[in-house]
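Engineer: Pasting the sequence and the predicted coordinates here, then a few questions.
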Amino acid sequence: MGSVWVESIGRSLDEALELLAAAVRDCPEGLWRESMWVVQASEIVGELRDVGGRPVTGPTQRDSLVQRWSAPWSVTWHALEVLDYDLATEPDAWAPPPPFAGKPHWQTFASLPVPWSQSEVGGYVEHCRQRVRDTLTAMTEQKAAALLPPTHRYGGRPYAWVVTSLVGHTTTHATQIRQFITTAVGPPDALG
């Protein structure tokens with residue numbers, strides 16, 4: 001890391017990941033799969049498929065699956081997958097680590113048979129910490145200024161723009177989970 005901005009973003013991303021890791025560690029098992037807010041089925045664009053790959057059309061089953069989008073395990077996975085993907089400058093080469101590799105991605109995860117465990121998600125946090133370190137160690141002014149390829153979801157924007165936005169995104173989801181836990185069981189010192 002050769003510049004002040006790279007060191008600063010590295011520190012901020014590390015703090016954001018620590019907030020997320022702490023929320024995962026502190027989340028009681030009974031809340032891990034609970035919906036933190038009501039998700040309207042109409043908010044989900046596209047077809048939902050069940051574990052067998054069949055379209056889910058029944059309103060009760062669809063509503064049950066849609067609520068997964070706001071569960072701590074799902075929100076954490078989303079935050080990590082976005083961070084991991086957005087650090088990749090070549091999105092076609094990006095793949096999440098095991099056990100997430102080869103499985104549905106966050107947007108299409110209704111077909112996932114069981115939610116990810118806290119230890120699996122905790123492992124993904126550590127993977128992302130290392131990805132941040134590796135990415136920022138290799139960061140140059142030229143790489144930061146390079147425009148992302150059209151195949152990236154932020155194609156045409158400078159790489160630095162995307163990397164710096166990850167702090168806010170990760171922190172937002174960590175605080176959503178922390179607020180949910182705090183509302184349900186009290187502040188962190190009450191957990192212990």
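Structural biologist: It's in.
Engineer: before we move on, which element is the closest residue to Thr175 other than its chain neighbours in?
Structural biologist: Excluding its sequence neighbours, the residue lying closest to Thr175 (Cβ to Cβ, 6 or more residues apart in numbering) is Leu19, at 7.0 Å. For the C-beta atoms, the positions are set from N, CA and C on the backbone; glycine is no exception. If you go by DSSP states H and E, Leu19 is part of helix 4-26.
Engineer: Give me the residues contacting that helix.
Structural biologist: 1, 72, 76, 79-80, 83, 118, 121-122, 125, 128-129, 132-133, 136, 139, 144, 160, 163-164, 166-167, 170-171, 173-175, 177-178, 181, 188, 191 (Cβ atoms under 8 Å, 6 or more residues apart in numbering).
Engineer: Now list the buried members of these.
Structural biologist: Among the contacts of helix 4-26, those that count as buried by neighbour count (16 or more other Cβ atoms under 10 Å) are 72, 76, 79-80, 83, 118, 121-122, 125, 128-129, 132, 136, 139, 144, 160, 163-164, 166-167, 170-171, 173-174, 177-178, 181.
Engineer: For the nearest residue in space to Ala160 that is not next to it in sequence, which residues are in contact?
Structural biologist: In space, Ala160 comes closest to Ala144 once its chain neighbours are excluded; the distance is 3.8 Å by Cβ to Cβ, 6+ apart. Shown in contact with Ala144 (Cβ under 8 Å, 6+ apart): Val6, Pro158, Tyr159, Ala160, Val163.
Engineer: before we move on, back to that, in helices, which of the buried ones among the contacts of helix 4-26 appear?
Structural biologist: Judged by DSSP state H, the buried ones among the contacts of helix 4-26 include 72, 76, 79-80, 83, 118, 121-122, 125, 128-129, 132, 136, 144, 160, 163-164, 166-167, 170-171, 173-174, 177-178, 181 as members of helices.
Engineer: Not counting its neighbours along the chain, what's nearest Val163?
Structural biologist: Leaving aside its chain neighbours, Val163 sits nearest to Ile9 (6.3 Å; criterion: Cβ to Cβ, 6+ apart).
Engineer: Roughly how far does the one you found sit from Tyr85?
Structural biologist: Applying Cβ to Cβ, to the nearest Å, the value for Ile9 to Tyr85 is 17 Å.
Engineer: neighbour count winner among these two?
Structural biologist: Ile9 (22 against 17; other Cβ atoms under 10 Å).
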